[in-house]
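# okay, here's the prediction I keep looking at, along with the sequence it came from:
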Amino acid sequence: MKILVMGLDCACPNLLLANEDLPNFRRLMEAGCFGKLESIIPPITVPAWRCMSTSQDPGSLGVYGFRNRVDYSYSNLGIVNSASIQAPAIWDQIGAEGKRTVIIGVPPGYPPLKVNGIYVSCFMTPDTTKSQYTYPAFVKNQIAQLVGDYPVDVKEFRTHNKPWLKEEVFRMTRIHFDVVRHFLKNTDWDYFQFVEIGLDRIQHGFWKHHDPAHRQHEPDSPYKNVIRDYYRMLDDEIGRILDLLTEDTIILVLSDHGAQRLDGGFCVNEWLIREGFLVLDEYPKEVTPFGKLKVNWSKTKVWSEGGYYARVFLNVKGREPEGTIDLAGYERFRDELKAKFEALPDDLGKPMGTLVFRPEEVYRSVNNVAPDLIVHFGALYWRSIGGVGYPNLHIQENDTGPDDCNHAQHGAFILAAPNSPLQGEFAGAHLLDMAPTLLELGGYDVPGSFQGRSLVSGVSDGSGNGWAADEEEIVRERLSGLGYIG
């Protein structure tokens, strides 16, 4: 059976699954199962999509965001790329079994990976006119002949120029789907996966116009229907894809995380300075990114990196070059810091509801240089602001430009497969469950490195052990006769 995975970055359960105005998505829902999809911690595009495809959590992959500490120095941060993740993905397993794959736009996807088929990089491609962003190389020319300049993203999408943003995101998405349909029709494939980033961009740009609960909601905005219009366009584009598929195709639609309103930003390093945990040689005269601050590391205990969420690092003796926290007191100090984060109020003095995670408690294993704490301010209704120089701890502006929403812990999925026993709404699915589910439905082996569970395991034939009833009885008698079982 063929497998098609359609990734919609940032798709929300209520906008995707509860919208009667999306006939093609409804058609898939009626043919299979659907529901909320719990994402990883933290729920961000990188590494979420590769967590999905490898069925491993961020700690096991050793990738905690777009930028990661390369070592325990204070300034050596590396930007993740496709080579940063070595774990086998679902397409590797399918390719190893002799089947052909097509992968388009799955982050982090640059430089292009060598697969048994076709690979087109993601929005992290530096420049599609100059960079070699496809495998094989000639695929780049095919795309250029088909659509001309291939936009992997909308540059500077955090902008006040909303007419331009709307036009660019819609245009980019239509081009992406033209390319996807071209390869669906004109290549041999057994596994096909693509990710559309446009939904993430449109929601970051227009959420306050859409959501009445947003603090800056504009009820009479001319852009109030932009997000719903975009979902309708996605529905149309996917309807055209469905017309190309055979009845024996397994179809999965999913998002890496959801979206929710953004109430504001919390200046985490500013707070650490006021608490005496972060010490500067010189306080900046204007708002300054953390990387440009003059930090007195010999007196600093804590600092933070990150955008959507905060990656908090402790300055530990014997680990960091100028560590100040004794290893013997590490756990006690970390517990105290966690409690302080969790007790933070919002700008109205009410409990913010911040969630704080210890990596070793949420990951199967912890590799490379992990944060000491992972902080979701206000359960991600507040964004982490790393710069210093703001007059207040709570701000409405964003350090990277206007932004209307943040990520939510739950995305959505729709699974329609002719051989799936699952029907209707399904509760409890996790992002890491998707790859093993697809492999089992497709008749492939599931790698031992996969951490998720197959949603259809033990459901397909009712036995729960992979044997048909008559097969198991025959083998049981044979093993008994050989003395292996009594």
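Arrived safely.
# and G264, how close does it get to Y309?
14 Å (Cβ to Cβ, to the nearest Å). Placement of C-beta: from N, CA and C, glycine included.
# of these two, who's got more company?
Applying other Cβ atoms under 10 Å to G264 and Y309 shows that Y309 carries more neighbours, namely 27 against 22.
# surely that one is in contact with W382?
No: counting by Cβ atoms under 8 Å, Y309 stays clear of W382, with 9.8 Å between them.
# once you drop chain neighbours, what's closest to D92?
Closest residue to D92 apart from its sequence neighbours, by Cβ to Cβ, 6 or more residues apart in numbering: V115 at 7.7 Å.
# measure that neighbour to T129 for me?
23 Å.
# what of D149?
Distance of D149 to T129, given as Cβ to Cβ: 7 Å.
# same thing with G353?
Taking Cβ to Cβ as the measure, G353 falls 46 Å from T129.
# for G148, same thing?
Separation of G148 from T129 (Cβ to Cβ): 10 Å.
# now do the same for G307: its pLDDT.
We note a pLDDT of 82 for G307 in this prediction.
# give me the number of residues near it?
A count of nearby residues for G307, using other Cβ under 10 Å, gives 20.
# could you do the one 5 residues further on as well?
Burial of V312 is recorded as 25 neighbouring residues (other Cβ under 10 Å).
# list the contacts of the residue nearest to it when sequence neighbours are not counted.
With Cβ to Cβ, 6+ apart as the criterion, V312 has its nearest non-adjacent residue at 4.1 Å, and that residue is L373. By Cβ atoms under 8 Å, 6 or more residues apart in numbering, the residues touching L373 are A310, R311, V312, R334, L337, K338, F341, V356, F357, R358.
# who touches the nearest residue to the second one once chain neighbours are set aside in this structure?
Ranked by Cβ to Cβ, 6+ apart and with sequence neighbours excluded, the top spatial neighbour of R311 is P371, at 3.8 Å. For P371, the contacting residues are Y64, E305, G306, R311, V312, F313, P359, taking Cβ under 8 Å, 6+ apart as the criterion.
# shouldn't the last one be in contact with N367?
No: between P359 and N367 there is no contact under Cβ under 8 Å: 9.9 Å.
# now, the contacts of P371 that are in strands?
Secondary structure from DSSP state E places E305, R311, V312, F313 of the contacts of P371 in strands.
# rewinding a little: between G353 and T129, which one's more packed in?
Neighbours were counted for G353 and for T129 using other Cβ under 10 Å; G353 has more, 15 against 10.
# where does the more buried one land in three-state SS?
Three-state call for G353 (DSSP: H, G, I helix; E, B strand; the rest coil): coil.
# and it, how far from H376?
9 Å.
# again, but for K185
Look at K185 and H376: by Cβ to Cβ, they are 42 Å apart.
# more neighbours, the two?
Set K185 next to H376 and count neighbours by other Cβ under 10 Å: H376 wins out with 24 against 9.
# wait, isn't the more buried one in contact with Y309?
Yes: contact criterion Cβ under 8 Å: H376 and Y309 qualify, at 5.2 Å.
# spit out the residues that contact the two alike.
Residues touching both H376 and Y309 (Cβ under 8 Å, 6+ apart): P42.
# name the helices or strands packed onto the top helix by length along the chain?
The longest helix of the chain (DSSP state H) is helix 162-186. Using 3 or more Cβ pairs under 8 Å, 6 or more residues apart in numbering; DSSP states H and E as the contact criterion, the elements in contact with helix 162-186 are strand 101-104, helix 138-147, strand 191-196, helix 198-210, helix 226-242.
# got any ranges where the stretch 101-250 of the chain has weak pLDDT?
Nowhere does the stretch 101-250 of the chain drop to pLDDT under 70.
# in stretch 297-309, what's buried?
W297, T300, K301, V302, W303, S304, E305, G306, G307, Y308, Y309 (16 or more other Cβ atoms under 10 Å).
# what is the most widely separated pair among the residues you listed?
The two members of these with the most space between them (Cβ to Cβ) are W297 and Y308, at 26.0 Å.
# on the pLDDT front, check Q396 for me.
So, for Q396, pLDDT stands at 88.
# that one and H214: what is the separation?
Per Cβ to Cβ, Q396 is found 11 Å from H214.
# who has more neighbours, these two?
Each of Q396 and H214 has its neighbours counted (other Cβ under 10 Å); H214 has more, 17 against 13.
# is that one in a helix, a strand, or coil?
For H214, the assignment made with three-state DSSP gives coil.
# confirm E270 sits in a helix?
Yes: per three-state DSSP, E270 lies within a helix segment.
# look up how far I94 lies from it.
Distance, E270 to I94, by Cβ to Cβ: 48 Å.
# just give me the closest of the ones in strands among the contacts of P371 to L165.
Distances from L165 to those, taken as Cβ to Cβ, are shortest for E305 (27.4 Å).
# that closest one and F290 touch, don't they?
Yes: E305 sits in contact with F290 when judged by Cβ under 8 Å, with a separation of 6.9 Å.
# what touches both of the two?
Common contact partners of E305 and F290 (Cβ under 8 Å, 6+ apart): G386.
# I'd like to know how far I202 sits from K114.
Per Cβ to Cβ, I202 is found 33 Å from K114.
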